[in-house]
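Q: Got a predicted structure here, sequence first:
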Amino acid sequence: MPNVIYHIFLACILLSIACTPDPDETPEDPETPVNNAELPAAFDNFTEDVSVYVDGSFVVIESNGIPNHKSPYFANGSDQYEAYNGTNADFRLNPNRISEQNLVFRIPLNPSEASTKTSTAMGAMGVSVNGIPLFNQYAAGNAPLTNEINSFDQYNGHPQNTGQYHYHIEPLFLTTNRGKSALVGYLLDGFPVYGPEEDGKILTNSDLDDYHGHSHVTPEYPEGVYHYHFTDAAPYLNGGQFFGSPGTVSR
């Protein structure tokens, strides 16, 4: 009988040891979703002051909306203030000034062509790699940019009435410093945006499809990808509808 009791006691000790969790292992919370997706390398192009991460089937891009370059739209006492020194003889400063935002873009991690296309709306339809929103080809009231373009600073941006700085046309600070063929942002449908040059040629609208893009290999996407380009004529970036299904932006 004592041997039987001993063996039962020993078995209980061994069972207790086997069931004791390893202190070096983190227990899984069954209610916490596990995200195994990695951020694609192309998103390394975003500047360090922009937060970029994967959340489920979306890439999340968080920005304060402050450009990483100077502008006459900063307050005169700001270190980032710079008087207009661009080439537009008709430049006129609009009454708005740049203010910090709380922008959160959620774009598809694995974008695909939409069977039903969605029109772009006023406000941000994408984001540049320095965290500045990309707007479509219209001014307020869906008017063409004919007059508003004269308020674009030397880097082709300006703020609207809430202080949100944005680009409608080629972001010159990015294409000057990164190259005319560089990846400069993403639209809300998750497809990348490139500068106006490709293979040493400046593209025109006739080189692109109805959505202002086309598909082929790029340095960031060696297997090929649909992508948009800036051009120097309306619609400048997008043909009025997203090629894919757009995500969201909040501020």
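A: All right, it came through fine.
Q: Where do the strands of the stretch 101-250 of the chain begin and end?
A: Ranges of strands in the stretch 101-250 of the chain, per DSSP state E, counting those that start in this stretch, are 103-108, 126-128, 133-134, 138-139, 143-144, 157-159, 165-167, 183-187, 192-194, 197-198, 201-202, 213-216, 225-229, 248-250.
Q: quick one: contacts of the last one?
A: Read that as strand 248-250. Strand 248-250 has contacts (C-beta atoms under 8 Å, 6 or more residues apart in numbering) with 103-106, 123-124, 127, 133, 188. Backbone N, C-alpha and C define where each C-beta goes, glycine included.
Q: most neighbours, which of these?
A: When neighbours are counted by other C-beta atoms under 10 Å, V127 leads the contacts of strand 248-250 with 28 neighbours.
Q: my guess is that one meets V184, correct?
A: No - between V127 and V184 there is no contact under C-beta atoms under 8 Å: 10.1 Å.
Q: Give me the nearest residue to the residue positioned nearest the centre of the chain, chain neighbours excluded.
A: For the chain, the residue nearest the mean C-alpha position is V127 (3.8 Å; C-alpha atoms, centre = their mean). Spatial nearest neighbour of V127, excluding adjacent residues (C-beta to C-beta, 6 or more residues apart in numbering): F105 at 4.9 Å.
Q: Please tell me I have it right and that neighbour contacts F58.
A: No - counting by C-beta under 8 Å, no contact exists between F105 and F58, whose distance comes to 9.1 Å.
Q: Tell me, please, where in the stretch 101-250 of the chain the pLDDT is lower than the cut-off.
A: Judged by pLDDT under 70, the stretch 101-250 of the chain has no weakly predicted residues.
Q: try 90
A: Across the stretch 101-250 of the chain, the ranges flagged by pLDDT under 90 are 140-142.
Q: all helices for it, in order.
A: With DSSP state H, counting those that start in this stretch applied, the stretch 101-250 of the chain shows helices at 172-178, listed in chain order.
Q: Could I get the contacting residues of Q137?
A: If you count contacts by C-beta under 8 Å, 6+ apart, Q137 has them with 144-145, 168, 234-238, 240.
Q: In the sheet, which residues pair with the nearest residue to A124 once chain neighbours are set aside? Tell me.
A: The shortest distance from A124 to any non-neighbouring residue, by C-beta to C-beta, 6+ apart, is to P133 (3.6 Å). In this entry, P133 is beta-bridged to V127, by DSSP bridges.
Q: Show me what counts as buried in stretch 38-55.
A: Within stretch 38-55, the residues scored as buried using 16 or more other C-beta atoms under 10 Å are 42-43, 45-46, 50, 52, 54.
Q: Stretch 148-167 too?
A: 148-149, 151-160, 164-167.
Q: go on, stretch 219-230?
A: Neighbour counts over stretch 219-230 (16+ other C-beta under 10 Å) mark 220-221, 225-230 as buried.
Q: Same check on stretch 114-123?
A: Residues of stretch 114-123 classed as buried by neighbour count (16+ other C-beta under 10 Å): 117, 120.
Q: what sits up against that stretch?
A: Outside stretch 114-123, the residues touching it (C-beta under 8 Å, 6+ apart) are 133, 135-136, 138, 140, 142, 189, 211, 238, 240-246, 249.
Q: Mind giving me the PyMOL select for the residues you listed, buried ones only?
A: Buried residues among these (16+ other C-beta under 10 Å), as a PyMOL selection:
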select buried, resi 133+135+136+138+189+211+238+241+242+243+244+245+246+249
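Q: how long is stretch 42-49 end to end?
A: Separation of the first and last residues of stretch 42-49 by C-alpha to C-alpha, to the nearest Å is 16 Å.
Q: What of stretch 93-101?
A: Distance across stretch 93-101, first residue to last, is 21 Å (C-alpha to C-alpha).
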